[in-house]
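here's my sequence, what's the structure:
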Amino acid sequence: MANSLLEARRELSLANRIVANEGVIDAFGHVSMRHPDNPRRYLLSRSRAPELVSPEDFIEYDLDSRPVREPSVTQYSERVIHGEIYKARPEVNSVCHHHCASFMPLLATGTDYVPVFHLGAIGGIKPPFWDQHDEFGDTNMLVCRLEEGASLARALGKHWMVLMKRHGVTVAGTSVRDCVFRSVYSARNAEYQVQSLAIGGAIASLSPGETQLASQIVATTTGLTRSWEYWSMRVAKAGGGAAKPAKPARATAKPKRAAKTRRR
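Model prediction:
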C-alpha cells in the first residue's frame, strides 16, 4: 500500500507539471486523483502553482472535500469541483480543472466545442456548458461551495468534459494519464477550432462515427504511453523533473532583532 501511494503521488505530481508545461494550466488550476487504496478519498495538492507541485504537497480529502488530517498549509478553494465529480462518477479516477487560453474564445461566446482533428475527438462533440450564474446568481466565479460543485458535476453528467462559461474547463478521466491526455488534446483542438473560425467558412468537424472511433485511440493503441513519455521528457528538459519542494507557507514569522553594534 505504501509503495502504491508513493507512486501515485509521484505520478500526480508529474501530471500537474505536464499540464503546466504543455500550456494548459498556468499559476491557477489543478489536477487530482482518486486515492489508489480508498475510493472514498482523493488526493489534491496544497494551494500551489501546478508547475511546482511535488509528491510531498498532496492533501488527502474525503468526498465532501474535507481534509482527512487538518493541514498546516493553505488549500485550493475550488477543491469541491474534484470531490463532487468523484462522488457522482465512480468510474472517474482523475480530474483536471484549468483556464486554458485556447478555450476562452469558446467560453466567452458560448460556441460549442467540436473535434476538428482526430485527437480532438477525446473531448467529444458539443460537451455541455455550465453557467454558475444560472443557479447561484452573482458570485466571484470560484466554485467553492458543495452545492456549486454538485451543480457542476450534474452538468458534466456522463461526459468527460464540461465548459464553464466565463471561467474555464473541467476534464475527467479514468486515470491520471487519461485525464492529462484529454486535457492536452482538447486544448489543442480548441486552439485549432478557434483558428479555423477566424479564417471563416464552415468547419469540417469529425462525424459522430469518426468521433467515436477516434476517441478510442487512447485505449486501443500505444498513444497514451507514447504521449506520457514525450510529455515527461519535455518536463525533464525544462528542468522540472526534480525540482526541490518549497517550504509550505505558514504563519508569518516574527522579525529578527537587528544585531547590536559594538562600540569600539
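
surely residue 44 is within a strand?
Yes. With DSSP: H, G, I helix; E, B strand; the rest coil as the criterion, residue 44 is assigned to a strand.

quick one: neighbours of it, just the number.
The number of residues packed near residue 44 is 27, by other C-beta atoms under 10 Å. Heads up, the C-betas are built off the backbone N, CA and C, glycines and all.

in the protein, which spans are helices?
2-21, 80-88, 104-109, 132-136, 146-156, 176-199, 208-214, 217-220, 223-237 (DSSP state H).

worst mean pLDDT among these?
Confidence, taken as mean pLDDT, is least for helix 217-220 of those (a mean of 86).

what about it, distance to the chain center?
Mean C-alpha position of helix 217-220 versus that of the full chain (C-alpha atoms, centre = their mean, to the nearest Å) differs by 21 Å.

likewise for stretch 233-242?
Its chain's C-alpha centre and that of stretch 233-242 lie 19 Å apart, by C-alpha atoms, centre = their mean.

buried set for that stretch?
Applying a neighbour-count criterion of 16 or more other C-beta atoms under 10 Å, one finds 235, 240 buried in stretch 233-242.

for residue 130, which non-adjacent residue is closest in space?
Leaving aside its sequence neighbours, residue 130 sits nearest to residue 155 (C-beta to C-beta, 6 or more residues apart in numbering; 3.9 Å).

quick one: contacts for that neighbour?
128, 129, 130, 162 (C-beta atoms under 8 Å, 6 or more residues apart in numbering).

list just the nearest of those to residue 69.
Taking C-beta to C-beta as the measure, residue 162 is the one of those closest to residue 69, at 30.4 Å.

which residues does residue 116 contact?
For residue 116, the contact set (C-beta under 8 Å, 6+ apart) comprises 189, 192, 193, 196, 203, 204, 205, 206.

just name the most buried of the helices of the chain.
Among the helices of the chain, ranked by average contacts under mean count of other C-beta atoms under 10 Å, first place goes to helix 80-88 (a mean of 25).

that helix packs against which elements?
Other elements packing on helix 80-88 under the criterion 3 or more C-beta pairs under 8 Å, 6 or more residues apart in numbering; DSSP states H and E are strand 30-34, strand 41-45, strand 58-62, strand 94-98, helix 146-156, strand 168-173.

strand partners (parallel or antiparallel) of the first one?
When pairing is defined by DSSP bridges, strand 30-34 lines up against strand 41-45 (antiparallel), strand 94-98 (antiparallel).

sorry, back to before: which one of the helices and strands packed on helix 80-88 lies nearest to residue 112?
That would be strand 168-173 among the helices and strands packed on helix 80-88, by C-beta to C-beta, at 13.3 Å.
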